[in-house]
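J.: predicted model, plus sequence, below.
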Amino acid sequence: MPSEAVARNPDLLPEIVRSVMNEFIGVYRHAPPPPPVFGFTWGDIVQVVKKRRLFLLIGTAVGIQLAILILILIKPLYAVSAQLVITQQAPGQLIDSDSGSSAFIATQAEIIHSLDVVQAAVATLPRPPHLKPSDDAVAGALDAVNASAISGTRVIALAYMGEDAKYGAALLNAIIDIYLTKVRSTTRSGQTNLIDTKSAELDELLEEIARQESQLNDLRRVAGIIGTADEAAAAQAERLNGLSAELTEARNQRIKLKSQLATGGSILIADDRLRSSLREDLRQAESELAKARKSLTAEHPTAVAAERNVEVLRAQLASIDGGSRGALRQQVDEAARLEAEVAAIEAKARERLKVIEVHRSKENRLLVELERTQSQADELRSELRDQRIVARLAKAGDVGIGARIIAQPVVPAEPVWPKKKFTLFVGAVLGLTVGFVFALLSLRKQRKRDVVEW
């Protein structure tokens, strides 16, 4: 026993202690090291690939299977597109397709995608088989179709996104046809409305012309004017000048006869000068009577006075052979009476001229209004004639808004979603990622267990 050996020989104790220590240190040196703690290092990733590749394979397989399941369950979506170029054509003029207003093109795009156009287009097509009985075909078409203007051009892009590519192409074609029909119908109805509006305006102007002409005739009838007021005023002024001359002649004749009576000259009125003077007066009086009968009625005071003047002059000529002083005095009285009558007629003629001037002012105002209205009616007739020509052109399709298809709807061979290769690739990547995460967790769990056991 070591203890007995130490008791017998105490010098052996240091050697024994040294030997035990060396043995302990030797044992500690040759013991296995503890397992390392898990850390996300490149070595750990290599360990995952080497020792946990089954997780990676399983994750990748599951991801691909899920992608295949998604491809089977999800309904494919097809994209169909078309393009229209909008034109505006006026008579003899075609507006360039690249210089249109963006607001106008945007408005046409809204019309194409409007409920009326889409509803009419859906009505022309059979119900698509992919819709359920409870689905609204019009609402579905509105959601599936989009129309947008391409900035800076007159081009409108139509797009369909749905489950049935053939139905989408047919729907776009039907929408384009309905839009063209609607635009042409709107153009024709707009031209018809313009014609109706202008016709109504022309009828109103013609009624106004008739009313103004009626007012003009009433004014002339009330004033007793035959013809225009200008003509009546000119005739009345001429008549007044004649009456003034006649009054002067009658006054001179009265003064002459009165002078003869006062001086006791020859009572006989046999001289040729007096006879010639009376005949000239009678001729002028008959001329004035003819003018009065031509422009005035027989009952008019001027016509009556002119007729009386002629009768007096004829009576004077008939009484030239009277040679007594009494006859001369009678002639003086007749001359004085004639002068008074002519003066009265002249005064009435002046009053009549004033009345005619007043009516002429009113008539001129009415004539100005009538001329302006007739000018407006003539201008409107010209516009209406041009509008009817434009309406015929619009009916033939040569005027108004037009559209031309520059890209026909084409049925695509493959859907835009889901894409098979992309879906399978994403499924494999996601499955591999999930498998890698599970492999890392498994390796970490194993490392913790090894540390605890050591």
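T.: Thanks, I have it. Numbers count the residues shown, from 1 in each chain.
J.: what segments of this structure are helices?
T.: Counting by DSSP state H, the chain has helices at residues 2-8, 13-29, 42-51, 53-73, 102-112, 115-123, 137-144, 165-223, 229-263, 272-295, 301-318, 325-395, 420-453.
J.: pLDDT score for Asp143?
T.: Asp143 is assigned a pLDDT of 90 by the prediction.
J.: could you check how many residues crowd around it?
T.: Residues lying near Asp143 (other Cβ atoms under 10 Å) number 11. Quick note: C-beta positions are derived from backbone N, CA and C, even for glycine.
J.: the one 5 residues further on too?
T.: Number of residues near Ser148 (other Cβ under 10 Å) recorded here: 16.
J.: who's in contact with stretch 231-239?
T.: With contact meaning Cβ atoms under 8 Å, 6 or more residues apart in numbering, stretch 231-239 is reached by 223, 225-226, 288, 291-292, 295, 302, 349, 352-353, 356-357, 360.
J.: and those residues, which two are furthest apart?
T.: Across those, the longest distance by Cβ to Cβ is 21.8 Å; it joins Glu288 and Arg360.
J.: of these two, who's got more company?
T.: Neighbour count, other Cβ under 10 Å: between Glu288 and Arg360, Glu288 has more, with 24 against 21.
J.: so that one sits right up against Ala305, yeah?
T.: No. In this structure, Glu288 is not within contact of Ala305 by Cβ atoms under 8 Å, at 9.4 Å.
J.: ok, Gln408 touching Val80?
T.: No. Checked against Cβ under 8 Å, the pair Gln408 and Val80 is beyond contact range at 10.2 Å.
J.: quick one: which of those two has more around it?
T.: More neighbours surround Val80 than the other of Gln408 and Val80, with 25 against 12 (other Cβ under 10 Å).
J.: can you report how many residues lie near Glu280?
T.: For Glu280, the neighbour count with other Cβ under 10 Å is 12.
J.: switch to numbering from 15
T.: Sure, I'll start counting at 15 from here, so that last one is Glu294.
J.: if I look at it, how far off is Ala354?
T.: To Ala354, Glu294 is 21 Å away according to Cβ to Cβ, to the nearest Å.
J.: tell me where the model's unsure across the stretch 265-414 of the chain.
T.: 271, 274-289, 312, 315, 331-342, 345, 407-414 (pLDDT under 70).
J.: closest to Thr74 among the contacts of stretch 245-253?
T.: Of the contacts of stretch 245-253, the one sitting nearest to Thr74 (Cβ to Cβ) turns out to be Arg374, at 111.4 Å.
J.: that closest one and Thr387: what is the separation?
T.: Distance from Arg374 to Thr387, by Cβ to Cβ: 20 Å.
J.: and for Arg402?
T.: Distance of Arg402 to Thr387, given as Cβ to Cβ: 22 Å.
J.: give me the low-pLDDT residue ranges for the stretch 65-214 of the chain?
T.: 103-114.
J.: do that again at 50, thanks
T.: Flagging of the stretch 65-214 of the chain using pLDDT under 50 yields the residue ranges 106-113.
J.: before we move on, back to that, ok, Arg402 and Thr387, which is more surrounded?
T.: Thr387 (19 against 15).
J.: the more buried one contacts Ala224, doesn't it?
T.: No. The pair Thr387 / Ala224 is not scored as a contact, 10.0 Å apart, by Cβ under 8 Å.
J.: biggest strand in the protein, by residue count?
T.: Using DSSP state E, we find that the single longest strand of the chain is strand 92-104.
J.: to the chain's geometric centre, what's the distance from it?
T.: Remark: strand 92-104 is offset 22 Å from the chain centroid, using Cα atoms, centre = their mean, to the nearest Å.
J.: buried ones in it?
T.: For strand 92-104, the neighbour count (16 or more other Cβ atoms under 10 Å) marks 92, 94-103 as buried.
J.: stretch 164-181 too?
T.: By 16+ other Cβ under 10 Å, the buried positions in stretch 164-181 come out as 167-179, 181.
J.: so which of these are in strands?
T.: The strands, defined by DSSP E, take in 169-176 from the buried residues of stretch 164-181.
J.: ok, those vs Val451, which is closest?
T.: After measuring those against Val451 - Cβ to Cβ - the closest member comes out as Met175, at 35.9 Å.
J.: who's in contact with the closest one?
T.: By Cβ under 8 Å, 6+ apart, the residues touching Met175 are 91-93, 158, 160, 182, 430.
J.: do the same with Ala183
T.: Residues near Ala183 by Cβ under 8 Å, 6+ apart: 94, 174, 423-425.
J.: compare the contacts of Met175 and tell me which has the most neighbours.
T.: Per-residue neighbour counts (other Cβ under 10 Å) across those peak at Gly182, which has 27 neighbours.
J.: which residues sit in contact with it?
T.: 92, 94, 158, 174-176, 423, 425.
J.: what about it, distance to Gly154?
T.: To Gly154, Gly182 is 11 Å away according to Cβ to Cβ.
J.: joint contacts of those two?
T.: Here Gly182 and Gly154 share the contacting residues Gly176, scored by Cβ under 8 Å, 6+ apart.
J.: just give the nearest non-adjacent residue to Ser165, would you?
T.: In space, and not counting its chain neighbours, Ser165 is closest to Ser116: 6.7 Å by Cβ to Cβ, 6 or more residues apart in numbering.
J.: the one you found touches Ala163, doesn't it?
T.: Yes. Between Ser116 and Ala163 there is a contact under Cβ under 8 Å: 6.6 Å.
J.: tell me the contacts of the residue sitting nearest the centre point of the chain?
T.: When Cα atoms, centre = their mean is applied to the chain, the residue found nearest the centroid is Gly204 (10.0 Å). With Cβ under 8 Å, 6+ apart as the criterion, no residue contacts Gly204.
J.: export the contacts of stretch 245-253 to CSV and tack on distance to Ala123?
T.: What follows is the contacts of stretch 245-253, written out as CSV (distance: Cβ to Cβ, whole Å):
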residue, distance to Ala123
Ala237, 67
Ile239, 67
Ile240, 69
Glu302, 84
Lys305, 79
Ala306, 80
Ser309, 74
Thr316, 80
Ala363, 80
Arg366, 76
Leu367, 74
Ile370, 70
Glu371, 69
Arg374, 64
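J.: quick one: which of these is nearest Glu215?
T.: Of all these, Arg374 has the smallest distance to Glu215: 31.5 Å, by Cβ to Cβ.
J.: ok, Gln229 touching Leu380?
T.: Yes. Taking contacts as Cβ under 8 Å, Gln229 lies within contact range of Leu380: 5.9 Å.
J.: need the contact list for Thr316.
T.: 253, 306, 310, 359, 362-363, 366.
J.: that should have said Tyr181, apologies.
T.: For Tyr181, the contact set (Cβ under 8 Å, 6+ apart) comprises 139, 142, 144.
J.: tell me how far it lies from Leu139.
T.: 7 Å.
J.: how far off centre is stretch 348-363?
T.: 73 Å.
J.: convert the C-alpha atoms of it to CSV, please.
T.: Coordinates of the C-alpha atoms in stretch 348-363 are reproduced here as CSV (Å, rounded to 0.1, in the frame of the first residue of the first chain):
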residue,chain,number,x,y,z
GLU,A,348,-114.4,134.9,-107.1
ALA,A,349,-110.7,135.6,-107.1
ALA,A,350,-110.7,136.4,-103.4
ARG,A,351,-112.7,133.2,-102.7
LEU,A,352,-110.3,131.2,-104.8
GLU,A,353,-107.4,132.7,-102.9
ALA,A,354,-108.9,131.8,-99.6
GLU,A,355,-109.6,128.3,-100.7
VAL,A,356,-106.1,127.8,-102.0
ALA,A,357,-104.7,129.2,-98.8
ALA,A,358,-106.8,126.8,-96.8
ILE,A,359,-105.8,123.9,-99.0
GLU,A,360,-102.1,125.0,-98.6
ALA,A,361,-102.5,125.1,-94.8
LYS,A,362,-104.0,121.6,-94.8
ALA,A,363,-101.3,120.4,-97.1
